[in-house]
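[1] what's the 3D shape of this:
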Amino acid sequence: MELWLTLLVVAIVVIAFVVRSNKKRAELELDDAQAEARRLHERLGGQTMNLVAPGDNIPAGQALADAGERYTATGSQIEQAATINQYRLAAETAIEGLHYVRAARTAMDLDPGPEVPRLRGQRRTGALTEPVSAEVEGRRYTGSPNPSDDNRHYYPGGTVDGRPVPSGWYNTPWWQPALASAGGVFVGMMVFNAMLAPAYAGGMVEGGDYGSGGDAGGDAGGDYGDSGGDFGGGDSGGDFGGGDFGGGDFGF
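    Predicted coordinates:
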């Protein structure tokens, strides 16, 4: 009887130790995720506020406006965050904003600055190397590797409704949830089939492997940290409470 009581006490002590250790580890991970999200938010704010696009440079101005929206969204997400995953989604939004800052600098013929970690699926979608265009439902859609007054909307690369969209400059942000009507997903599918699928097939996209394994954007594990640090300690990084950000335009 005494042996059983001793074993029971030991088991209780061990369980209590494990529970306490797990709780401590979870608290540290939460603190780290919060600190990383705040650091990226501050970095995005600094780069956005210190960069002004000339009035006649429409693509740079649009990219900076997009970066500013991600900065605001990141701040809101951080204020609402209570879990590790929510802080990581906020960090992802900040990283998306940093890609727009980098695009703005490129549009102004400035050094793009430090590499920015990749977002989920971005590694496999590649980048446009030639102009592309298609007409869908009576509307013209175009894309180009270089910015212009017509192709003023930058996309860092990712997936839209499960389909790969290479990074590049487009004449309209057809991928944004805010622009998607009841038939928005259908339009996105038609744009992909008419403009982007032929671009992949015709070698107009560099660095993507669409067609060699199904979904070019299905890298569900994430690509954080492939460019200049990992999510936990470098310069790295869904739906967050129903907004258009937190993953932003990627995979709506």
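[2] what's the weakest-modelled helix or strand in the protein?
    helix 184-191 (a mean of 78; mean pLDDT, DSSP states H and E).
[3] ok, then the element right after that one?
    Once the chain leaves helix 184-191, the next helix or strand it forms, by DSSP states H and E, is helix 197-201.
[4] what packs against that next one?
    For helix 197-201, the packing partners by 3 or more CB pairs under 8 Å, 6 or more residues apart in numbering; DSSP states H and E come out as strand 132-136. (Each C-beta comes from the backbone N, C-alpha and C, glycine too.)
[5] about what we covered before: helices and strands around the least confident helix or strand of the chain, which ones?
    Using 3+ CB pairs under 8 Å, 6+ apart, helix 184-191 sits against strand 132-136.
[6] tell me how far the least confident helix or strand of the chain lies from the chain's centre.
    With CA atoms, centre = their mean, to the nearest Å as the basis, helix 184-191 stands 20 Å off its chain's centre.
[7] helix, strand or coil: sort out residue 19 for me.
    The local conformation at residue 19, judged by DSSP: H, G, I helix; E, B strand; the rest coil, is helix.
[8] measure it to residue 200 for me?
    Per CB to CB, to the nearest Å, residue 19 is found 51 Å from residue 200.
[9] these two: which has the busier surroundings?
    residue 200 (20 against 10; other CB atoms under 10 Å).
[10] show the pLDDT at the more buried one.
    Looking at residue 200, its pLDDT is 94.
[11] isn't it right up against residue 163?
    No. Look at residue 200 against residue 163 with CB atoms under 8 Å: they stay out of range, at 10.3 Å.
[12] where's residue 99, which helix or strand?
    Going by DSSP H and E, residue 99 is in helix 84-107.
[13] report the mean confidence score over the one helix or strand residue 16 maps to.
    Using DSSP H and E, residue 16 falls within helix 2-49. Taken as a whole, helix 2-49 has an average pLDDT of 84.
[14] which elements pack onto whatever helix or strand comes next after that helix?
    Sequence order places helix 58-80 as the next helix or strand after helix 2-49, per DSSP H and E. In this structure, helix 58-80 packs against helix 2-49, helix 84-107, strand 153-155, with contacts taken as 3+ CB pairs under 8 Å, 6+ apart.
[15] what's the angle from the least confident helix or strand of the chain to strand 132-136?
    130 degrees (axes from the mean of the first three to the mean of the last three CA atoms, to 10 degrees).
[16] just the CA trace of helix 184-191, in PDB.
    This file holds the C-alpha atoms of helix 184-191, laid out as PDB (Å, rounded to 0.1, in the frame of the first residue of the first chain):
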ATOM      1  CA  GLY A 184     -15.000  37.200 -57.900                       C
ATOM      2  CA  VAL A 185     -13.600  33.700 -57.500                       C
ATOM      3  CA  PHE A 186     -14.900  32.800 -60.900                       C
ATOM      4  CA  VAL A 187     -13.300  35.900 -62.500                       C
ATOM      5  CA  GLY A 188     -10.000  35.100 -60.800                       C
ATOM      6  CA  MET A 189     -10.200  31.600 -62.200                       C
ATOM      7  CA  MET A 190     -10.800  32.900 -65.700                       C
ATOM      8  CA  VAL A 191      -7.900  35.400 -65.400                       C
END
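[17] list the buried residues of that helix.
    For helix 184-191, a neighbour-count test (16 or more other CB atoms under 10 Å) marks 184, 187, 188, 189, 190, 191 as buried.
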